[in-house]
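Student: Provide a 3D model corresponding to the input given below.
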Amino acid sequence: MAEQALPKKKMWLTSTRALVMLLMMGVAASAIQQIAFRLDTLLTGGTGYYVGHVTIVATSFAAAIFFGPMSFILPVMTAAIGAFTSASPGAWYWIPDSVWIGILTGWFAFRFNVRDDLVKRTFLLGLFYAILIVPIDYVGLYMILLKLPIGAALVASLPYIALTFVGVPLAIGLVRAIEAAKLGI
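Tutor: A predicted model of the protein is given here:
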């Protein structure tokens, strides 16, 4: 039996079903991030976000693959809940930061139809994220929160480039698990 192609989808999913599913995914990601934020604060005193980076990459990539640019809701939710619960010193920074990151990541996932060739294209999504988004995101974070000069902030952002690729197989696994659940996303 031949595989059926996925139906053509819109870039901005605004149906009630899509929004509710995205919010449910955001709540689950927020629970994961609460643990990750606290682990990072325990391990680094709030100056490093290694566990949180891997978990937000995995959940944000999965949301981007399913929901395109609307996936910005997931990282904004996790950052807002993290900020309101004082889970991490960097959480307030990530609320506005997550909007542009989520839209750009979702745009890439939609434009390059990552679901069609999940493994290769999720790796490409990770490459896009590591090369473009991570340096801007973490240089800004370290310059604003820790008052580091730009050179030091660039060096401090290097581990996150590598950690992005730890989140890629987790995102692939999460997407496959959601697809196996046949939720109709």
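
Student: need the per-residue pLDDT for the nearest residue to Gly184 once chain neighbours are set aside.
Tutor: Spatial nearest neighbour of Gly184, chain neighbours left out: Arg17 (7.7 Å); criterion: CB to CB, 6 or more residues apart in numbering. For every residue, glycine as well, the C-beta is placed using N, CA and C. pLDDT for Arg17: 87.

Student: can you get me a residue count around Leu42?
Tutor: By the criterion of other CB atoms under 10 Å, Leu42 has 10 neighbours.

Student: ok, now Ile131?
Tutor: 11.

Student: ok, back up a step: and the next helix or strand past the helix or strand where the residue nearest to Gly184 lies?
Tutor: Element membership of Arg17, judged by DSSP states H and E, is helix 16-44. Counting by DSSP H and E, the next helix or strand C-terminal to helix 16-44 is helix 50-67.

Student: what angle separates the helix or strand bottoming out on mean pLDDT in the chain from helix 50-67?
Tutor: Across the helices and strands of the chain, mean confidence by mean pLDDT, DSSP states H and E is lowest for helix 134-145: a mean of 88. With axes from the mean of the first three to the mean of the last three CA atoms, to 10 degrees defining the directions, helix 134-145 sits at 130 degrees from helix 50-67.

Student: elements contacting the helix or strand just after helix 134-145?
Tutor: Remark: after helix 134-145, the chain's next helix or strand is helix 150-180, criterion DSSP H and E. Helices and strands touching helix 150-180, by 3 or more CB pairs under 8 Å, 6 or more residues apart in numbering; DSSP states H and E, are helix 50-67, helix 118-128, helix 134-145.

Student: thinking again about what came up before, buried residues, the helix holding Arg17. List them.
Tutor: Within helix 16-44, the residues that count as buried by 16 or more other CB atoms under 10 Å are 18, 21-22, 25-26, 29-30, 32-34, 36-41.

Student: ok, stretch 115-134 next?
Tutor: Neighbour-count burial for stretch 115-134 [16+ other CB under 10 Å]: 115, 121-126, 128-130, 133-134.

Student: what's the span of that stretch from first residue to last?
Tutor: End-to-end distance of stretch 115-134 (CA to CA, to the nearest Å): 23 Å.
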